[in-house]
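> Next one to model:
(one chain, ligands or ions: 1)
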Amino acid sequence: MILFHVSSHPCIIPLKNMDMVPTMFESCNEMISKWEKMTSKDGSCELDVVPYLQSLTADVISRTAFGSTYEEGKIIFNHFKELIRLVLQASNTVYLPGWRFLPTKSNNRMKKITKEIKTILMNIIDKRQRTMKEGETMHSDDLLGILLESNSNEIKEHGNVNIGMSINDLIEECKIFYFAGQETTAVLLVWTMVLLGSYTKWQDRARAEVLQVFGNNKPDFDGLNRLKIVTMILNEVLRLYPPGSVVSRNLVKKETRLGNLKFPSGVTLSFPIILIHRDKELWGEDADEFNPERFAEGVSKATKNQTAFFPFGWGPRICVGQNFAMIEAKIALSIILQHFSFELSPSYTHAPISILTIQPQHGAHIILHKL
Ligand code: HEM
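Next up is the predicted model:
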């Protein structure tokens, strides 16, 4: 069972396993079919994998969050995507106090999108609640169903509708789910393809393992847990290219001591994950090199029991989607390896850039060969 921390509410909502494997498999398969269609007669093609892996993880998260109302959910997430783009665009311009209240083209667009998100979500909720009243069971096998069910239980318990979540709270929860879970998993897969496209011996080892565990069959949950080489590879990718390169904490409440250091309230502490993951004192002289072998005996051996590897954060606020992300990455990688061998294209330029997550600035051009 995965736990989902709902930030605006002091409660923890259980995000059940929700039979995620078939859902993820379905989305991965759609991507593979597109790639197969793109290959020429000799079975090869070159493509930038970034947009495909992004829409794969968006698809998985839409299905998981909205289940049966997935098509409407997808529109909401497409709107979120545009919102992120507009917010990033605004943050790259000179800051003028009060600017966001001016009726500029992008401010008007942001307002319009926010309104549309609200309308679609209200329709979905309305439909679900009507189904509930008609005596049918809730769709508690998706995130929205879980949020609504927990909300209605809370209202019943307290006998007060003001206790539950508002539509704005629900929108915020869906936003967090999307921001935290889509881009991060996409970039993990992108860097995995870039690195396995360069270190083809590791690609061969991963494929041999996948074929030994699954043959050409659908990946299943038990088999995914037995993938040792694939896990070592994903850990090494997360070490070198942690999707979230920094975690931060605002010390809002009171003066805080950390060892000999004293921090006044109001200070923001940032932990540079990527620098710690590449520290030669912690990882040895080959810290900047791709060497999954270092994880052969697990994370604690690789880190000599120090907190030197924390791609998902650490402590009480550790990423609640880490199992979800690792399962998704393992399924996607297994299916890719079952269908294609691949290499990095000569047109690829290595230029990682941090825009919320660490991304390849000029895309990830890969040459695929159908197996
Ligand atoms: C490779 C994929 C992922 C990476 C590297 C990652 C990394 C992180 C990190 C570093 C944090 C911050 C922890 C902290 O502040 O200490 C975080 C928080 C979080 N993650 Fe993930 N994550 C990934 C995938 C996911 C997925 C798939 C989901 C949802 C299904 C998810 C949901 C969340 C949520 C809800 C939070 C907490 C946000 C908050 O309370 O503000 N993450 N994640």
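
> who in the stretch 101-250 of the chain is up against the ligand?
176-177, 180-181, 184-185, 188, 243-244, 247 (Cβ under 6 Å from any ligand atom). C-betas here are computed from N, CA, C, even on glycine.

> Okay, helices next: where are they in the stretch 251-371 of the chain?
Along the stretch 251-371 of the chain, counting by DSSP state H, counting those that start in this stretch, helices occupy 273-277, 280-283, 299-302, 322-339.

> closest one to the ligand among the ones you listed?
Among these, the nearest to the ligand by Cβ to the nearest ligand atom is helix 322-339 (3.6 Å).

> coming back round to it: could the helices of the stretch 251-371 of the chain go into a markdown table alongside mean neighbour count and distance to residue 207?
Converted to a markdown table, those look like this (neighbours: other Cβ atoms under 10 Å; distance: least, Cβ to Cβ, whole Å):
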| stretch | mean neighbour count | distance to residue 207 |
| --- | --- | --- |
| helix 273-277 | 18 | 26 |
| helix 280-283 | 14 | 27 |
| helix 299-302 | 15 | 23 |
| helix 322-339 | 22 | 4 |
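
> Any chance of those helices in CSV with distance to residue 293 and mean pLDDT as columns?
Shown next, in CSV, are those (distance: least, Cβ to Cβ, whole Å; pLDDT from 0 to 100):
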stretch, distance to residue 293, mean pLDDT
helix 273-277, 16, 95
helix 280-283, 12, 94
helix 299-302, 9, 93
helix 322-339, 18, 95
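
> Adding distance to the ligand, write those out as JSON lines.
Output for the helices of the stretch 251-371 of the chain, formatted as JSON lines (distance: least, Cβ to the nearest ligand atom, whole Å):
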{"stretch": "helix 273-277", "distance to the ligand": "7"}
{"stretch": "helix 280-283", "distance to the ligand": "18"}
{"stretch": "helix 299-302", "distance to the ligand": "14"}
{"stretch": "helix 322-339", "distance to the ligand": "4"}
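
> Residue 39 is nearest to which of those helices?
The minimum distance between residue 39 and those falls on helix 322-339, with 10.0 Å, by Cβ to Cβ.

> Which strands or helices does that closest one pack on?
With contacts taken as 3 or more Cβ pairs under 8 Å, 6 or more residues apart in numbering; DSSP states H and E, helix 322-339 sits against helix 20-38, helix 49-66, helix 167-198, helix 200-214, helix 221-225, helix 228-240.

> JSON lines please, covering the ones you listed and showing distance to residue 291 and mean neighbour count.
Converted to JSON lines, the helices and strands packed on helix 322-339 look like this (distance: least, Cβ to Cβ, whole Å; neighbours: other Cβ atoms under 10 Å):
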{"stretch": "helix 20-38", "distance to residue 291": "27", "mean neighbour count": "16"}
{"stretch": "helix 49-66", "distance to residue 291": "23", "mean neighbour count": "23"}
{"stretch": "helix 167-198", "distance to residue 291": "11", "mean neighbour count": "21"}
{"stretch": "helix 200-214", "distance to residue 291": "9", "mean neighbour count": "17"}
{"stretch": "helix 221-225", "distance to residue 291": "23", "mean neighbour count": "14"}
{"stretch": "helix 228-240", "distance to residue 291": "7", "mean neighbour count": "22"}
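
> sorry, back to before: looking at the helices of the stretch 251-371 of the chain, spot the one closest to residue 116.
helix 322-339 (27.4 Å).

> lowest confidence element among the helices and strands of this protein?
The weakest-scoring helix or strand in the chain, judged by mean pLDDT, DSSP states H and E, is strand 2-6 (a mean of 34).

> coming back round to it: mean pLDDT added to the helices and strands packed on helix 322-339, as TSV?
Shown next, in TSV, are the helices and strands packed on helix 322-339 (pLDDT from 0 to 100):
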stretch	mean pLDDT
helix 20-38	92
helix 49-66	88
helix 167-198	87
helix 200-214	98
helix 221-225	93
helix 228-240	98
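
> Ok, which of those comes nearest residue 114?
helix 167-198 (8.3 Å).

> Next up, identify which helix or strand residue 165 is on.
Counting by DSSP states H and E, there is no helix or strand that carries residue 165.

> residues touching residue 59, list them.
By Cβ atoms under 8 Å, 6 or more residues apart in numbering, the residues touching residue 59 are 27, 30, 74.

> Could you check how far the first one is from residue 199?
Distance of residue 27 to residue 199, given as Cβ to Cβ, to the nearest Å: 26 Å.

> And the residue of the stretch 251-371 of the chain that's closest to the ligand?
Of all residues in the stretch 251-371 of the chain, residue 321 sits closest to the ligand, at 2.1 Å by Cβ to the nearest ligand atom.

> Now that residue: phi and psi?
Here is the backbone geometry of residue 321 (degrees, to the nearest 10): phi -100, psi 10.

> Same check on residue 313?
Note on residue 313: backbone dihedrals following degrees, to the nearest 10 are phi 80, psi -170.

> go on, residue 319?
Main-chain torsions, residue 319, degrees, to the nearest 10: phi -50, psi 130.

> Quick check: end-to-end length of stretch 33-43?
Terminal residues of stretch 33-43 are spaced 13 Å apart (Cα to Cα, to the nearest Å).

> residues in contact with it?
Residues from elsewhere that reach stretch 33-43 (Cβ under 8 Å, 6+ apart): 45, 47, 52, 339-340, 368-370.

> what do you get for stretch 364-371?
For stretch 364-371, the external contacting residues (Cβ under 8 Å, 6+ apart) are 35-36, 39, 43-50, 190, 193-194, 197, 338-345, 347-348.
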